[in-house]
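Trainee: Need coordinates for the following:
(chains A, B, C and D)
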There are 2 protein chains.
Amino acid sequence: MNDATKPEKKPSRIQLRNRKRILDAALEVFSQHGYRGATLDQIADASGLSKPNILYYFDGKEAIHVTLLNTLMENWLDPLAKMSPDGDPLEEILAYIHRKLQMSREFPRESRLFANEILQGAPRMKPHLETGLKTLFDEKTALIQRWMDQGKLAPSDPRHLLFSIWATTQHYADFEEQVSILTDRETDPVGGAEQFLDNMFRKLLTPQQS
Amino acid sequence: MNDATKPEKKPSRIQLRNRKRILDAALEVFSQHGYRGATLDQIADASGLSKPNILYYFDGKEAIHVTLLNTLMENWLDPLAKMSPDGDPLEEILAYIHRKLQMSREFPRESRLFANEILQGAPRMKPHLETGLKTLFDEKTALIQRWMDQGKLAPSDPRHLLFSIWATTQHYADFEEQVSILTDRETDPVGGAEQFLDNMFRKLLTPQQS
DNA sequence: GCGATTCTGGACCATTTGGTAAAGCTGGTC
DNA sequence: GACCAGCTTTACCAAATGGTCCAGAATCGC
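Mentor: This is a model prediction of the structure:
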């Protein structure tokens, strides 16, 4: 649970509560301004704690960001990890799309935090991407390729398929401002996206029974 | 050509050269770090000019950013504006996708500058979006809707169609770092994307002759 | 209830950052 | 080739920012 260098006894109630407050505030601030654009003062304000107090709980600005990124990574990979070799191929992929879209709706800040990090060259996340994400990506593209080879899905490049799914689903969180303006502040653009994307990927992936 | 408030005589050769240098350097820096993360010193370094000299040519950090955003906007809308009511509907849209993809390949920094701005809530661009982009968007979604009504394209929501095109094409510039890692630093991922997206949107949009 | 421990915030600090003043240099024009 | 507007730089600022110190306040274990 802890890293070997620090034995660290169990965190107290207050510790737990305040760490959570800080991380929530930091998520808000980092996701909106990016790492370098965010300030400890903003995080302090948003969390309701004083700046020195924040530094009592975390080793510094970077430590907060890293913590955020680490916990994010797991939740981020989860929907893809859940895509199972055992289900119906088309339905598995459509269900995955559904989950991703759901995350855009429920956790737009997390999506933007991630987007900010990648946009800026993933300086503090490259290792994560090269191990965790890459492994999962290779595994799932291979699975999809197998499905295609078996004629259960129409053939196309599985890598670009995943890119397209990521791009289209995360778009609604990352470019929310734009989407909101262009859809005349419609209450829930993601609802319409759901139908549209289901239709699009269904047409793309349904195999021809020639 | 100039705004009415400032008559301003014609800019000199040096003026032209240095403004260009500064804007190019600023594009590099802003697109990588976002507005708040970028510093004048970085821009000074990248442009080979001193910081005060930069402030001799522009009124401040914000003025540089705004200038960049303004010139970007035109080039950004251009590919969509070129989509003509007179051509073959399917081919018009596929050509548009091709143009957008080409821009991701040729101008990734511009794409990231734009992405950064929207991600952070479009603080200095909202007016632009609400006028220029919105107008064009409405015009083109209406055009696509007409094509669909005429049975020349399979029906779907034109707004989400455009969102999907933007998302999938810009993804290769904005998330280049991730794409690069996952495709094992393949020389030109956009090449593969070209085929994939052409196929995907063709399947989506080709009308059923039932 | 009380001492030990954990938590909290006001004052402070060094560095960075956007920006300015003003003196010196340059290049085009007569 | 001397002048002068236009360009460039050195030396600064004031504010913002990440971070520290330390004394006092809350909380916990008993």
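Trainee: what's in contact with stretch A:147-164?
Mentor: Under the criterion C-beta atoms under 8 Å, 6 or more residues apart in numbering or on different chains, residues A:80, A:89-90, A:93, A:137, A:140-142, A:144-145, A:204-208, B:168, B:171-172, B:175, B:179, B:182-183, B:192-193, B:195-197, B:199-200 lie in contact with stretch A:147-164. Quick note: C-beta positions are derived from backbone N, CA and C, even for glycine.
Trainee: Please repeat the previous calculation with a cut-off of 6 Å.
Mentor: The contact list for stretch A:147-164 (C-beta atoms under 6 Å, 6 or more residues apart in numbering or on different chains) reads A:89, A:141, A:144-145, A:205, A:207, B:168, B:171, B:192-193, B:196.
Trainee: Next, the buried residues of it.
Mentor: A:147-148, A:153, A:156-164 (16 or more other C-beta atoms under 10 Å in any protein chain shown).
Trainee: Pull the distance from it to the chain's centre.
Mentor: With C-alpha atoms, centre = their mean, to the nearest Å as the basis, stretch A:147-164 stands 22 Å off its chain's centre.
Trainee: before we move on, the earlier item: now compare the buried residues of stretch A:147-164 and name the two farthest from each other.
Mentor: Pairwise distances across those (C-beta to C-beta) peak at 17.4 Å, for the pair A:147 and A:163.
Trainee: returning to what we had before: and the buried residues of stretch A:147-164, which is closest to residue B:12?
Mentor: So of the buried residues of stretch A:147-164, ranked by how close each gets to residue B:12 (C-beta to C-beta), first place is residue A:163, at 46.6 Å.
Trainee: could you pull out the strands for chain A?
Mentor: Assigned by DSSP state E, chain A shows no strands.
Trainee: on that earlier part again, save the buried residues of stretch A:147-164 as JSON lines, and put in pLDDT too.
Mentor: Putting the buried residues of stretch A:147-164 into JSON lines (pLDDT from 0 to 100) gives the following:
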{"residue": "A:147", "pLDDT": "98"}
{"residue": "A:148", "pLDDT": "98"}
{"residue": "A:153", "pLDDT": "98"}
{"residue": "A:156", "pLDDT": "98"}
{"residue": "A:157", "pLDDT": "98"}
{"residue": "A:158", "pLDDT": "98"}
{"residue": "A:159", "pLDDT": "98"}
{"residue": "A:160", "pLDDT": "98"}
{"residue": "A:161", "pLDDT": "98"}
{"residue": "A:162", "pLDDT": "98"}
{"residue": "A:163", "pLDDT": "98"}
{"residue": "A:164", "pLDDT": "98"}
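Trainee: Residue A:122: what's it in contact with?
Mentor: residue B:177 are the contacts of residue A:122 under C-beta under 6 Å, 6+ apart.
Trainee: Would you check how far apart it and residue A:133 are?
Mentor: 10 Å (C-beta to C-beta, to the nearest Å).
Trainee: returning to what we had before: list buried members of the contacts of stretch A:147-164 by neighbour count.
Mentor: Using 16+ other C-beta under 10 Å as the burial test, those include A:89, A:141, A:144-145, A:205, B:168, B:171, B:192-193, B:196 as buried.
Trainee: Pull the most distant pair out of those residues.
Mentor: The largest separation in those, counting by C-beta to C-beta, is between A:89 and B:171 at 23.5 Å.
Trainee: Now distance to residue A:108 and pLDDT too, for the buried ones among the contacts of stretch A:147-164, in CSV please.
Mentor: CSV is the format used below for the buried ones among the contacts of stretch A:147-164 (distance: C-beta to C-beta, whole Å; pLDDT from 0 to 100):
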residue, distance to residue A:108, pLDDT
A:89, 29, 98
A:141, 27, 98
A:144, 27, 98
A:145, 32, 98
A:205, 27, 98
B:168, 19, 98
B:171, 17, 98
B:192, 29, 95
B:193, 25, 97
B:196, 27, 98
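Trainee: Looking at those residues, which is nearest DNA strand D?
Mentor: Minimum distance to DNA strand D across the buried ones among the contacts of stretch A:147-164 is 29.4 Å, recorded for residue B:171 (C-beta to the nearest atom of the strand).
Trainee: got the contact list for that closest one?
Mentor: Here residue B:171 is in contact with A:163, A:167 (criterion: C-beta under 6 Å, 6+ apart).
Trainee: What parts of chain A come near DNA strand C?
Mentor: A:9, A:12, A:14-15, A:18, A:49-53, A:56 (C-beta under 7 Å from any atom of the strand).
Trainee: can the lengthiest helix in chain A be found next to chain B?
Mentor: Longest helix in chain A by number of residues (criterion: DSSP state H): helix A:13-37. Yes: judged by C-beta under 6 Å from any C-beta of the partner chain, helix A:13-37 comes into contact with chain B at A:32-34, A:36-37.
Trainee: Which elements pack onto that helix?
Mentor: helix A:40-47, helix A:51-57, helix A:61-81, helix A:108-119, helix B:13-37 (3 or more C-beta pairs under 6 Å, 6 or more residues apart in numbering or on different chains; DSSP states H and E).
Trainee: Is any residue of the fourth one near chain B?
Mentor: Yes: for helix A:108-119, a contact with chain B is found by C-beta under 6 Å from any C-beta, at A:112, A:115, A:118-119.
Trainee: Could you check that helix against DNA strand D for contacts?
Mentor: No: applying C-beta under 7 Å from any atom of the strand, one finds helix A:108-119 separated from DNA strand D by no less than 14.7 Å.
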